[in-house]
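S.K.: no sequence on this one, just coordinates:
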Ligand SMILES: Cc1ncc(COP(=O)(O)O)c(C=O)c1O
């Protein structure tokens, strides 16, 4: 086995993998056609057929409804907008609590705040990193209005169990499905098991429109309210006979015709964009199985994992090498890896320092927990010690690359004693 690249040896992967490029001729043509039509947006924020957007938006939403088998698909200009709209649509009111995981992109936890709601953090389970149903049960109170679950890294949370909890308490389950366009639990697509599912079409996702998103639901009332919040709903309440005026202050979350045209092509190719990532990640997992101290991602029985990220669970104690050193050695071998994902979101200054001005700002005045005292042990351990990730969506995948990455991981793993000595010499503890 050759010397580690970190110590001057030859890297297993000489060239960094090329960035994944999902835009092709068909997207170019679709964009040109919209440009030629000169209709870059067909939306008006007032009653009339333009309230629902232009021809490409209509076509895109119809295609999305068909693909996901849902009654309503409401395009938006980002998943963040979609999450905000979802919180508004369910009628979230000041002081209502929304149970959220702390290990996700920040928009998930910030969404309730837009309507004066209070994010209540519940821990994740340590197999596939979705909300832990037991932690959710323990967090439900009389003020809980919704559970906002995340299908993290492309693997569905325990959605059916979470939906059962939501139904039992007569509250909503909203899915942040930004990272799992074709995730599945027991044959059902993630995003369609909750009352509302929110998809992202930002540049980093499996399929994208630069920026963009889609909300899906089977519920007519929610579908109408989502569409109203997207487009200045205050102008359409009488026209659309919306009797519940809570949160009927609309925004401009509208997607452009250009994005919709790109989205149509991307959606028609979604399998071709997702499957190679799944294949790559499975090959990589198979190539590093049974290595002491490194557990490749788990796929729960009956589930489909789309591998936005490949997240292994690392045990520095078992291997005797600090996670960050293992990562550095992997990077030197040409594996674009990183550690921790994101710090638990309750650590954000928005939560920790909300008393910075000596007064508590809205909506925390409505009885939020003291976030400085919140701890979610699984999340903390994944962030600080255990998560070792590869952003599979970011680069071009191939079987050959999967084998090389697995070889690099095995090589670094096989040099644990060398790495250990190197670390001791560096810190002068040899
Ligand atoms: C889990 C999750 N939720 C929400 C978002 C926000 O998506 P967007 O950038 O489309 O607003 C992201 C984006 O990375 C995400 O990963």
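M.R.: Great, that's in hand. Small disclaimer: the values here were computed from a predicted structure and weren't measured.
S.K.: all helices for the stretch 301-430 of the chain, in order.
M.R.: 316-319, 323-332, 349-352, 377-381, 399-414, 416-427 (DSSP state H, counting those that start in this stretch).
S.K.: Off-centre distance for the third one?
M.R.: Here the centre of helix 349-352 is set off from its chain's centre by 21 Å, with C-alpha atoms, centre = their mean, to the nearest Å.
S.K.: Buried residues, that helix. List them.
M.R.: Neighbour counts over helix 349-352 (16 or more other C-beta atoms under 10 Å) mark 350-351 as buried. All C-beta spots, glycine's among them, are computed from the backbone N, C-alpha and C.
S.K.: ditto for the first one
M.R.: When neighbours are counted by 16+ other C-beta under 10 Å, the buried residues of helix 316-319 are found to be residue 319.
S.K.: what residues does that helix touch?
M.R.: By C-beta atoms under 8 Å, 6 or more residues apart in numbering, the residues outside helix 316-319 that reach it are 292-294, 322-323, 326, 385, 413, 416.
S.K.: residues touching residue 12, list them.
M.R.: 5, 333-335, 404-405, 407-408, 411.
S.K.: Quick check: chain neighbours aside, which residue is closest to it?
M.R.: Among residues not flanking residue 12 along the chain, residue 408 sits closest, at 4.0 Å (C-beta to C-beta, 6 or more residues apart in numbering).
S.K.: Any idea how many residues pack against the one you found?
M.R.: 25 (other C-beta atoms under 10 Å).
S.K.: do the same with residue 311
M.R.: Residue 311: 27 surrounding residues under other C-beta under 10 Å.
S.K.: So it sits against residue 391, correct?
M.R.: No. Look at residue 311 against residue 391 with C-beta atoms under 8 Å: they stay out of range, at 9.9 Å.
S.K.: Can you give the distance of stretch 394-407 from its chain's centre?
M.R.: 23 Å.
S.K.: quick check, it touching the ligand?
M.R.: No. Applying C-beta under 6 Å from any ligand atom, one finds stretch 394-407 separated from the ligand by no less than 12.2 Å.
S.K.: Mind listing what's buried along stretch 59-68?
M.R.: For stretch 59-68, by 16+ other C-beta under 10 Å, it's 59-61, 63-64, 67-68.
S.K.: can you list contacts of that stretch?
M.R.: 53, 70-75, 189, 191-192, 197, 214, 216, 255, 260-261, 263-264, 267-268, 270.
S.K.: hmm, 10 Å instead?
M.R.: 52-53, 70-75, 177, 181-182, 189-192, 197, 199, 209, 212, 214-216, 218, 227, 255, 257, 259-268, 270-271 (C-beta atoms under 10 Å, 6 or more residues apart in numbering).
S.K.: Buried only: go through the residues you listed for me.
M.R.: Among the contacts of stretch 59-68, those buried by neighbour count (16+ other C-beta under 10 Å) are 52-53, 70, 72-75, 177, 181-182, 189-192, 197, 199, 209, 212, 214-216, 227, 255, 257, 259-267.
S.K.: circling back to that earlier point, which one of the contacts of residue 12 has the most neighbours?
M.R.: Busiest of those [other C-beta under 10 Å] is residue 405, holding 28 neighbours.
S.K.: I'd guessed that residue sits against residue 331; true?
M.R.: No. In this structure, residue 405 is not within contact of residue 331 by C-beta atoms under 10 Å, at 11.7 Å.
S.K.: Show me the common contact partners of those two, please.
M.R.: In contact with both residue 405 and residue 331: residue 337, using C-beta under 10 Å, 6+ apart.
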